[in-house]
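[1] Kindly return the folded structure for what I paste below:
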Amino acid sequence: MLAPGLDVVFCGINPGRVSAAAQAHFANPRNDFWRLLHAAHFTSRLLDPSEQFELLKEGIGVTNAAYRTTPGSGDLRRSDFAGSAERLARIAEELEPRWLAFVGKEAYRGAFNERPGLGVQQRTLGATQLFVLPSTSPANAAVPWWDRAHWFFELSARVKGMPQRTGVRAVVVDPAERILLVRFEDVMGSWWATPGGGVDPGESDLDALTRELREEVGLHAFELGPLVWTREHWHVDPRRFGGQHERHYLVRTDAFEIAPGFTEAELAAEGVHEARWFTLDELDDVITGPRRLAELVRGLLEHGPPVEPFDAGR
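    Next up, the predicted model:
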């Protein structure tokens, strides 16, 4: 399923029995490929595998590294990938897709006989850039949804040409050791994060946080504490920017009533839908960014700020 000038061609490893019977790519209902495409805004709606040719209208193609149908990818032989690298090189030369994204490390390994890492690859096929995604197969279900989605988000941002920006966030803690979080919402559902936002050109971290805390939660006066951790992540919807390189600062403050300076409509335009205080125990029961926020906050309150800021993860 290919055409000239596509934005991205996804390359699976080979057809499984369900896909072969349906004559459609990634047709197993437990395969997350189509859900991840929509979550990362590659498609304007969630497509069924039977609607696969709708992908061409979205600038997307699909192919496989091997053609033989097997019960699982582990049943493939090295000979099944004979000529795969050459065929993909012809696709790149003749159809000129901007990106070729392998759905699973084994698809890339089968084609080029080398082990890749996830993400952008140094190898290119002419002007076509290569990217490796986690497998979306049910056999890879042990890898959490959000960990797989992260790589789809990054690819989406890169395909759309949306760079990352610099951001700052505040770990706001009151004397009762509650933490203040804001809620974001989109096709992925809801999750909570510390308040903050982008740093404008020429703006200091303190000035950016002063503005963001006033707008999002109504905190007007505070003392900026130490930088405690950093985080790099890619956004679910990269229409304005692809993601953020974030710096997270500790802010200790008296408890206060949340009264955002922005209206609900203004907050919603920024993706913020709610703000509230959480106890440490309550943090365990919600989805957060970074994912291990409860663990990070417990460590911060028990042991104090780290000597050097560290990567908080996705």
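[2] so Gly189 bridges to which residues?
    Asp186 (DSSP bridges).
[3] Check the gap between it and Pro195 for me.
    20 Å (C-beta to C-beta, to the nearest Å). Glycine gets a C-beta too; all of them are placed from N, C-alpha and C.
[4] Please apply the same query to Pro226.
    Following C-beta to C-beta, the distance that separates Pro226 from Pro195 is 17 Å.
[5] quick check: longest helix of the protein.
    helix 145-159 (DSSP state H).
[6] I'd like the distance from that one to the chain centre, please.
    4 Å (C-alpha atoms, centre = their mean, to the nearest Å).
[7] between Gly189 and Pro195, which one's more packed in?
    Pro195 (25 against 10; other C-beta atoms under 10 Å).
[8] burial measure for the closest residue in space to that one that isn't next to it in sequence, as a count.
    Excluding the flanking residues, the one nearest Pro195 by C-beta to C-beta, 6 or more residues apart in numbering is Glu216, at 4.5 Å. Residues lying near Glu216 (other C-beta under 10 Å) number 24.
[9] Would you map the helices across the stretch 51-200 of the chain?
    84-95, 105-112, 145-159 (DSSP state H, counting those that start in this stretch).
[10] As CSV, these with mean pLDDT, distance to Gly12 and mean neighbour count would be great.
    Below are the helices of the stretch 51-200 of the chain laid out as CSV (pLDDT from 0 to 100; distance: least, C-beta to C-beta, whole Å; neighbours: other C-beta atoms under 10 Å):
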stretch, mean pLDDT, distance to Gly12, mean neighbour count
helix 84-95, 95, 12, 16
helix 105-112, 94, 6, 22
helix 145-159, 90, 14, 21
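[11] and those as TSV, adding distance to Asp285?
    Shown next, in TSV, are the helices of the stretch 51-200 of the chain (distance: least, C-beta to C-beta, whole Å):
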stretch	distance to Asp285
helix 84-95	45
helix 105-112	33
helix 145-159	16
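[12] Of all those, which one is nearest Thr136?
    The closest of the helices of the stretch 51-200 of the chain to Thr136 is helix 145-159. By C-beta to C-beta, the value is 6.7 Å.
[13] Can you report how many residues neighbour the nearest residue to Arg169 once chain neighbours are set aside?
    Nearest in space to Arg169, with sequence neighbours left out and distances taken as C-beta to C-beta, 6+ apart, is Gly196 at 3.1 Å. Residues contacting Gly196 under the criterion other C-beta under 10 Å number 25.
[14] Contacts only, for Gly196.
    167-170, 208-209, 212-213, 216, 246, 248 (C-beta atoms under 8 Å, 6 or more residues apart in numbering).
[15] let's see it at 10 Å
    167-172, 182, 205, 208-209, 211-213, 216, 244, 246-249 (C-beta atoms under 10 Å, 6 or more residues apart in numbering).
[16] Show the buried residues in these.
    Among the contacts of Gly196, the ones that count as buried by 16 or more other C-beta atoms under 10 Å are 167-172, 182, 205, 208-209, 211-213, 216, 244, 246-249.
[17] Sketch out the low-pLDDT regions of this protein for me.
    186-188, 236-240 (pLDDT under 70).
[18] can you list the domains in it?
    Domain ranges of the chain: 8-159, 164-311, per automatic domain parsing.
[19] and of these, who's closest to Met1?
    Among the domains of the chain, the nearest to Met1 by C-beta to C-beta is domain 8-159 (4.8 Å).
[20] what about that closest one, start to end distance?
    Domain 8-159 has its terminal residues 7 Å apart, counting by C-alpha to C-alpha, to the nearest Å.
[21] Same check on stretch 127-137?
    Stretch 127-137: ends 29 Å apart by C-alpha to C-alpha.
[22] Check which residues of it are buried.
    Going by neighbour count (16+ other C-beta under 10 Å), the buried part of stretch 127-137 is 128-137.
[23] And the residues you listed, which is closest to Pro4?
    Thr128 (12.4 Å).
[24] wait, that closest one sits on Gly61?
    No - Thr128 is not in contact with Gly61 according to C-beta atoms under 10 Å; the separation is 11.6 Å.
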